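Enquirer: Below is the sequence, then the predicted model.
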2 protein chains.
Amino acid sequence: VQDLLALLRPHCPATRDAGALAAASTDKSGLSATPELVCSPRTTDEVATVLRLANETPFVVVPRAAGTGRVGGAVPERGGVVLDVMGMDRVLEIDVAEQIARVEPGVKLGELQRRVEELGLCFPPDPASAKDCAVGGAVATSAGGLSGAKYGTMKHYVLGLTVVLPTGDVIRTGARTRKSVTGYDLTSLFVGSEGTLGVFTEITLRLVPKPEAAATLAAWFDDDASARRGIDAALRVRATAKALEFVDARALAAVAAHVGRPEWGRRAALVLVECDGAAEAVERELSLYETALAAAGANVERASSAQGRDALWAARRAISPAVTARWPHRFAEDVCVPRTRFVEMIGELHRIAGEHGLQALGFGHAGDGNIHASVLMDRGDDEERARAKLAVAAVFRRALDLGGTLSAEHGIAMTKREFLPLELSAANRAAQQAIKRALDPRDILNPGKIFPGS
Amino acid sequence: VQDLLALLRPHCPATRDAGALAAASTDKSGLSATPELVCSPRTTDEVATVLRLANETPFVVVPRAAGTGRVGGAVPERGGVVLDVMGMDRVLEIDVAEQIARVEPGVKLGELQRRVEELGLCFPPDPASAKDCAVGGAVATSAGGLSGAKYGTMKHYVLGLTVVLPTGDVIRTGARTRKSVTGYDLTSLFVGSEGTLGVFTEITLRLVPKPEAAATLAAWFDDDASARRGIDAALRVRATAKALEFVDARALAAVAAHVGRPEWGRRAALVLVECDGAAEAVERELSLYETALAAAGANVERASSAQGRDALWAARRAISPAVTARWPHRFAEDVCVPRTRFVEMIGELHRIAGEHGLQALGFGHAGDGNIHASVLMDRGDDEERARAKLAVAAVFRRALDLGGTLSAEHGIAMTKREFLPLELSAANRAAQQAIKRALDPRDILNPGKIFPGS
């Protein structure tokens, strides 16, 4: 251990300070393991040197950005060196005419959004952690958020990367241009690779013009059947809303208690729709949703001002703190199903939890089928956790039966890797692991993540 | 050779018929090489069997769809077996509520567009060859077209693939859902891989609602400086046009002569803008472009009816036949530069051609910087071809100097592979080739394409 510090310090800022090790040992998954060392590179060369030395020595390297991941991607489960890129936090360029931003991986996503909006542009991916997460981590998980159905996720915005490969070789992928088919699309392979294929040191992002206007509606339902009819009708609207959000009764009850709005707790479901774009179109598109949801029996409120829209979003925004306060012990998953099965899958979530003697709650992005599905625990003891885990496995199986996927935006890393074979065949996993071996022959970069038993 | 036919015929329809071999020997690159055999599989299993046998024997396999590629991707330069997927031409499913289509690779892209439009949906990628090209080939090159700046290219629409790997293993990639981060994004790796990493036998595509309205304007310029100011102003409009097309004077002159519209031949440039979306927004957005282009000195005509829009597109549509008739000998490239350098690069194209004693013409997608750049030859003899090739190399270098890329939509395959090192470093190519070897250890699937000297 002493040797590793002596080896790396001449090449890259490094520390074995207990506080730094503790800070680098966990992420929002709650999993934890202590690294031997934390390196804090400021340049691509420093990252490359650490990885070259890792191959020679060898030692394990785990890249880390803001640590807001939910599946253990940044947890150094095999010890080794955590490579903390948060010191590389410069916005290198925002080119308004070209609609491009070039940033280092440690730039906060919310900071990037703010900077480009001041210039009349917009960076659409907007995960719940936007204020805290870093662009590098968002790229590593292909983070999404509320606006995925209309605007896609990180992978639709990364034009190019500077990547330090596991061997220490530095490459540039992609281009500054909107189109490029020069060679394989390595950029997309690195996006969402959860820190296992390379370390991003520079990220070129596509921006879009800031939408001129936005309008929001909140549709409150008093029974599940009406809510389901409402979502079905909303999905048939000939327009693409920026957000089409669903919140179930249990999430509403938690929010109502948390923020003191008991009337919210008496509703069966809340559907939020936000449209954006050209002003006239936005109002008319939102009216299409309003008509569809009202016909299904919803009580609809609508707002176009920033303040009014904000008030409509209040219940949705309060879910995460309310649920965390009420149920400190829960499994919070992010399955995705075909969007026409979204409400059905929320029902299945509750049925499965019940069969395991547990409760669940669900909310999420009905526009793209992405459910934030929580299996709730009262005590969180071993017995209850084991039962909850069985319920989670059954939820995954059911989502896959409906044509879904294990993870829409969190990733696999540690918490879901045991379930990977439910979705990906042995041949598929073999192909992916062959690519991992081709790029990381010594298995030094974030080894063991994603693939079970690797 | 006889043995290969005997080996394959029990497993997959196969022929050595001279006509079939000749048809499978070339594509729109003009390059040609005769295969030993043409196989015409109808099922994923048949494709898998051919590839398994190819590994055991071994023999080379070159996948082929409609043969409309421009860079030799389907040319069997090392002989072997051409795997013609055009018999796999079923539209397996169009799910309107889910906005998904599932097709076999031999479905014509234009046929898919027509089928989904009848159902109120739209499949945006629209390469010039849409009527003739097949979805499988469009996926293999990540084809684009006029609407790339607003709608992206094939890679933004492929949700999942059934792929027969070079080893004969069959995998499914991606999902039916809008979001999935379960494992590496293999789907994107296969899209644009030019038939070197796998054979697609089933393709799941994302669809979008059919835009309610569209409107078009044609802006005619009488001098280059005004045209350049016009494009600069159009790129600053706070909206994203479906198409922002530019046609230079030499292309206009060829069109004018070809279709008998001499007035077109007296113009310095034509800019076409098409906006689509909600009706009110479309007219206002188009007005923003009209104002910008008129202020730069353009003479603007505008249309919203299908017939009127069609008339405005006439000059643009006639370019390809007109130029092919006038200059049977030319190098037609598809470089891409940052969009703010588009007009500058058209000027550089002419300058470079002139320095080589040649003429050039340029047109293309100013909205995404994609130039269809032709270096023209009068005789097409060896001396002139050698000179034109030097000019093409200089055009590539200049495009790269401006931050561009060798290919926006055609690919690399054979015609551009010698230039690949101009854009991709040795380390980048080594990483790509390591992936190729990982998935195709015997190098049997379309070997030698993309990478020089491989």
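Expert: It's in.
Enquirer: what bits of chain A have low per-residue confidence?
Expert: In the predicted model of chain A, residues A:1-2, A:454 satisfy pLDDT under 70.
Enquirer: can you give me phi and psi for the closest residue to A:V208 other than its chain neighbours?
Expert: Among residues not flanking A:V208 along the chain, A:C122 sits closest, at 5.3 Å (CB to CB, 6 or more residues apart in numbering or on different chains). (Glycine included, C-beta is placed from N, CA and C.) Phi and psi for A:C122, reported as degrees, to the nearest 10, are phi -150, psi 140.
Enquirer: Ok, A:G168 next?
Expert: Taking degrees, to the nearest 10 as the convention, A:G168 sits at phi 100, psi -10.
Enquirer: Touching, it and A:T57? I think so.
Expert: No: the pair A:G168 and A:T57 fails to qualify as a contact (CB atoms under 8 Å) at a distance of 11.9 Å.
Enquirer: for the residue nearest to A:V208, what are its contacts?
Expert: When contacts are counted by CB atoms under 8 Å, 6 or more residues apart in numbering or on different chains, A:C122 touches A:Q113, A:V116, A:L207, A:V208, A:P209, A:K210, A:P211.
Enquirer: coming back round to it: ok, A:G168 and A:T57, which is more surrounded?
Expert: More neighbours sit around A:G168 than around the other of A:G168 and A:T57, counting by other CB atoms under 10 Å in any protein chain shown; the figures are 19 against 16.
Enquirer: need the residues of the stretch 1-150 of chain A near chain B, please.
Expert: Within the stretch 1-150 of chain A, the positions near chain B by CB under 8 Å from any CB of the partner chain are A:D95, A:A97, A:E98, A:I100, A:G120, A:T141, A:S142, A:G144, A:G148, A:A149.
Enquirer: beta partners of the fourth one?
Expert: What that stands for is A:I100. Following DSSP bridges, A:I100 is listed with bridge partners A:D95, A:R206.
Enquirer: got a list of what it touches?
Expert: A:I100 sits next to A:E93, A:I94, A:L159, A:R176, A:T204, A:L205, A:R206, A:L207, B:P338 when contact means CB under 8 Å, 6+ apart.
Enquirer: and the residues of the stretch 1-150 of chain A next to chain B, which two are the farthest apart?
Expert: Of all pairs drawn from these, the one with the longest distance (CB to CB) is A:A97 and A:T141, at 30.3 Å.
Enquirer: Give me the more crowded residue out of those two.
Expert: Neighbours of A:A97 and A:T141, each counted by other CB under 10 Å, are more numerous for A:T141; the result is 29 against 11.
Enquirer: Could I get the full set of strands for the stretch 101-250 of chain A?
Expert: Counting by DSSP state E, counting those that start in this stretch, the stretch 101-250 of chain A has these strands, from start to end: A:121-122, A:158-164, A:170-174, A:199-206, A:208-209, A:213-221, A:243-248.
Enquirer: rewinding a little: how about the contacts of A:C122, which pair is most distant?
Expert: Maximum pairwise distance among the contacts of A:C122 (CB to CB): 14.2 Å, between A:Q113 and A:P209.
Enquirer: Same drill for the two, tell me which one is more crowded.
Expert: Between A:Q113 and A:P209, counted using other CB under 10 Å, A:Q113 has the larger neighbour count: 18 against 15.
Enquirer: Buried ones among the contacts of A:I100?
Expert: Burial by neighbour count, 16 or more other CB atoms under 10 Å in any protein chain shown: within those this picks out A:I94, A:L159, A:R176, A:T204, A:L205, A:R206, A:L207, B:P338.
Enquirer: Pick the one among these closest to A:R387.
Expert: For these, the minimum distance to A:R387 (CB to CB) is 43.0 Å, reached by A:L205.
Enquirer: Spit out the contact partners of the closest one.
Expert: If a contact means CB under 8 Å, 6+ apart, then A:L205 has A:I100, A:A101, A:R102, A:V103, A:L112, A:F123, A:V135, A:Y157, A:V158, A:L159 as its contacts.
Enquirer: For it, give its distance to A:K155.
Expert: For A:L205, the distance to A:K155 under the criterion CB to CB, to the nearest Å works out to 11 Å.
Enquirer: Likewise for A:D222?
Expert: A:D222 sits 39 Å away from A:K155, going by CB to CB.
Enquirer: Give me the more crowded residue out of the two.
Expert: For the pair A:D222 and A:K155, the greater number of neighbours falls to A:K155 (22 against 14), based on other CB under 10 Å.
Enquirer: Please export the alpha-carbon coordinates of stretch A:196-210; CSV is fine.
Expert: Listed next in CSV are the C-alpha coordinates belonging to stretch A:196-210 (Å, rounded to 0.1, in the frame of the first residue of the first chain):
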residue,chain,number,x,y,z
THR,A,196,-15.3,-0.4,-17.3
LEU,A,197,-14.0,0.4,-20.8
GLY,A,198,-12.3,3.8,-20.4
VAL,A,199,-12.0,7.0,-18.5
PHE,A,200,-13.5,10.1,-20.2
THR,A,201,-11.3,13.2,-19.8
GLU,A,202,-13.1,15.4,-22.4
ILE,A,203,-16.7,15.2,-23.5
THR,A,204,-18.2,17.0,-26.6
LEU,A,205,-21.9,17.4,-26.3
ARG,A,206,-24.6,18.4,-28.7
LEU,A,207,-26.9,21.2,-27.6
VAL,A,208,-30.3,22.2,-28.9
PRO,A,209,-32.1,25.6,-29.1
LYS,A,210,-33.8,26.5,-25.8
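Enquirer: Skip the chain neighbours and tell me the closest residue to the closest residue to chain B within the stretch 51-200 of chain A.
Expert: Among all residues of the stretch 51-200 of chain A, A:S188 sits closest to chain B, at 3.3 Å; criterion: CB to the nearest CB. Excluding the flanking residues, the one nearest A:S188 by CB to CB, 6+ apart is B:S188, at 3.3 Å.
Enquirer: And for A:L21?
Expert: Once its chain neighbours are removed from consideration, A:L21 has its nearest residue in A:T34; the separation is 5.4 Å (CB to CB, 6+ apart).
Enquirer: Over to the one you found. Which of the three states is it?
Expert: The local conformation at A:T34, judged by DSSP: H, G, I helix; E, B strand; the rest coil, is coil.
Enquirer: who's in contact with it?
Expert: Neighbours of A:T34 in contact, by CB under 8 Å, 6+ apart: A:L21, A:A22, A:S25, A:P76, A:G79.
Enquirer: and the residue nearest to the last one when sequence neighbours are not counted, how many neighbours does it have?
Expert: What sits nearest to A:G79 in space, not counting adjacent residues and going by CB to CB, 6+ apart, is A:E36, at 5.4 Å. Each residue near A:E36 was counted by other CB under 10 Å, and the total is 18.
Enquirer: if I pick A:E36, what's in contact with it?
Expert: Contact partners of A:E36, counting by CB under 8 Å, 6+ apart, are A:V1, A:L4, A:R16, A:F59, A:G79, A:G80, A:V81.
Enquirer: can you do 10 Å?
Expert: Residues in contact with A:E36, defined by CB atoms under 10 Å, 6 or more residues apart in numbering or on different chains, are A:1-5, A:16, A:21, A:59-60, A:76, A:79-82.
Enquirer: next one: A:E46
Expert: A:L8, A:H11, A:C12, A:P13, A:A14, A:C39, A:S40, A:L83, A:G87, A:M88, A:V164, A:T201.
Enquirer: residues of the helix or strand harbouring it that come out buried?
Expert: Per DSSP states H and E, A:E46 falls inside helix A:44-56. Within helix A:44-56, the residues scored as buried using 16+ other CB under 10 Å are A:T44, A:E46, A:V47, A:A48, A:T49, A:V50, A:L51, A:L53, A:A54, A:N55.
Enquirer: Stretch A:384-404 now?
Expert: If you call a residue buried by 16+ other CB under 10 Å, then stretch A:384-404 has these buried ones: A:384, A:387-388, A:391-392, A:394-396, A:398-400, A:402-404.
Enquirer: Mind putting these into CSV with secondary structure and distance to A:G192?
Expert: Converted to CSV, the buried residues of stretch A:384-404 look like this (DSSP: H, G, I helix; E, B strand; the rest coil; distance: CB to CB, whole Å):
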residue, secondary structure, distance to A:G192
A:E384, helix, 32
A:R387, helix, 31
A:A388, helix, 27
A:A391, helix, 27
A:V392, helix, 22
A:A394, helix, 26
A:V395, helix, 22
A:F396, helix, 19
A:R398, helix, 24
A:A399, helix, 19
A:L400, helix, 19
A:L402, coil, 22
A:G403, coil, 20
A:G404, coil, 17
